[in-house]
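Generate a structure from the sequence data that follows.
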Amino acid sequence: MTFGVSHNKYFIRMKRQPLFFQLALMALFALVFVSCQDSGPYEETTQTYSVSGFDRLDMGSAFRITVRPGTTFAVEARGNRSDVNDLVVAVRNGTLTAQYDNYRRNRHHDMYITITMPTLRGINFSGASRSTISGFPNVNSMDVTLSGASKSDVAVSTTRLTTAISGASTLTLNGSSSGLTGDVSGASKLNAYDLLTETADLEVSGASNVQIRVKDALNVSASGASKVRYRGTPRLNSKVSGASSVEQE
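Predicted coordinates for the structure are as follows:
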């Protein structure tokens with residue numbers, strides 16, 4: 001009887017060994033795969049792209065983006081050579097897009113993208129991108145969408161400005177606008193004390209924070225411990241719930 005128990009334990013140990021070796025082999029392959037996907041040492045290079053016919057931008061991947069006006073189109077990327085070689089820049093239906101072809105590669109260096117364009121109607125930046133936009137006067141309308149902990153500084157003079165900010169993103173505005181419509185959610189921030197707007201309609205939620213300057217009329221819906229601080233003496237129409245607040249400075 002004792003011999004049978006010992007005999008069974010021996011075979012259990014034998015059966016476990018292949019599983020152990022399989023797991024070890026899988027771990028080794030994973031290590032080799034990750035090392036192969038590493039971008040390697042930094043080697044700076046610059047690439048220009050022959051694209052045109054766009055008035056909107058859509059990109060992410062932690063890019064550092066500068067957008068400025070010009071009479072012609074120009075797009076330039078500067079960064080680590082392997083990253084620049086992996087960058088795909090294209091125009092689709094009037095929108096300039098930029099993205100990496102290989103999303104699995106480990107990237108340890110910043111990618112700088114500089115865009116020159118005659119007019120700008122909208123941006124959609126995500127993935128912890130950082131952007132600066134300035135110098136676009138007399139824009140009829142512009143929409144700004146930020147998500148995924150992105151940050152953007154936008155200087156603009158426009159008739160109509162629409163913003164959608166989510167995922168702990170931050171938008172800083174300066175310039176002027178006849179009307180601003182904003183949706184701010186997910187612990188995001190809208191800093192617009194330096195933007196003079198005549199009217200504003202705001203939907204603020206999820207512990208977000210808004211600072212705004214309004215001349216004529218301000219409509220606000222604030223929920224989820226959000227804060228709205230405004231300057232000026234506009235007509236105020238506010239709907240506040242939870243621990244949110246709307247206060248004049």
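
so where is this structure shaky, pLDDT-wise?
1-40, 103-105, 107 (pLDDT under 70).

where along it do the helices fall?
According to DSSP state H, the chain carries its helices in the segments 2-37, 81-85.

just checking, S208 touches S223?
No - the criterion here is CB atoms under 8 Å, and S208 misses it with S223 at 9.5 Å. Any C-beta I mention is one placed from the backbone N, CA and C, and that applies to glycine too.

Between these two, tell me which one has more neighbours.
Here S208 and S223 are compared on neighbour count by other CB atoms under 10 Å; more neighbours surround S208, at 29 against 18.

quick one: that one and S61, what's the gap?
Noted for S208: a distance of 24 Å to S61, by CB to CB, to the nearest Å.

Next: N140.
Computed as CB to CB, the N140 to S61 distance reads 30 Å.

Is S185 in contact with A207, as I believe?
No - applying CB under 8 Å, one finds S185 not in contact with A207, separated by 9.2 Å.

Between these two, tell me which one has more neighbours.
A direct count of neighbours by other CB under 10 Å for S185 and A207 places S185 higher, at 21 against 18.

Let me see the domain layout of the protein.
1-37, 40-119, 126-249 (automatic domain parsing).

Looking at the ones you listed, which one is packed in the most?
domain 126-249 (a mean of 19; mean count of other CB atoms under 10 Å).

quick one, what contacts Q99?
Neighbouring residues of Q99 by CB atoms under 8 Å, 6 or more residues apart in numbering: 59-61, 87-88.

partners of it in the sheet?
V88 (DSSP bridges).

can you pull the contacts of the closest residue to I165 other than its chain neighbours?
Closest residue to I165 apart from its sequence neighbours, by CB to CB, 6 or more residues apart in numbering: S188 at 4.3 Å. Residues in contact with S188 (CB under 8 Å, 6+ apart) are 146, 165-171, 206, 208-209.

so D194 touches L171, yeah?
No - between D194 and L171 there is no contact under CB under 8 Å: 12.0 Å.

what's near enough to touch the nearest residue to T72 once chain neighbours are set aside?
Closest residue to T72 apart from its sequence neighbours, by CB to CB, 6+ apart: T116 at 7.1 Å. By CB under 8 Å, 6+ apart, the contact list for T116 reads 68-70, 72-75.

Distance check, T116 against A74.
Going from T116 to A74 by CB to CB gives 4 Å.

What of T158?
23 Å.

Could you give the bridge partners of T132?
Assigned bridge partners for T132, using DSSP bridges, are T66, D153.
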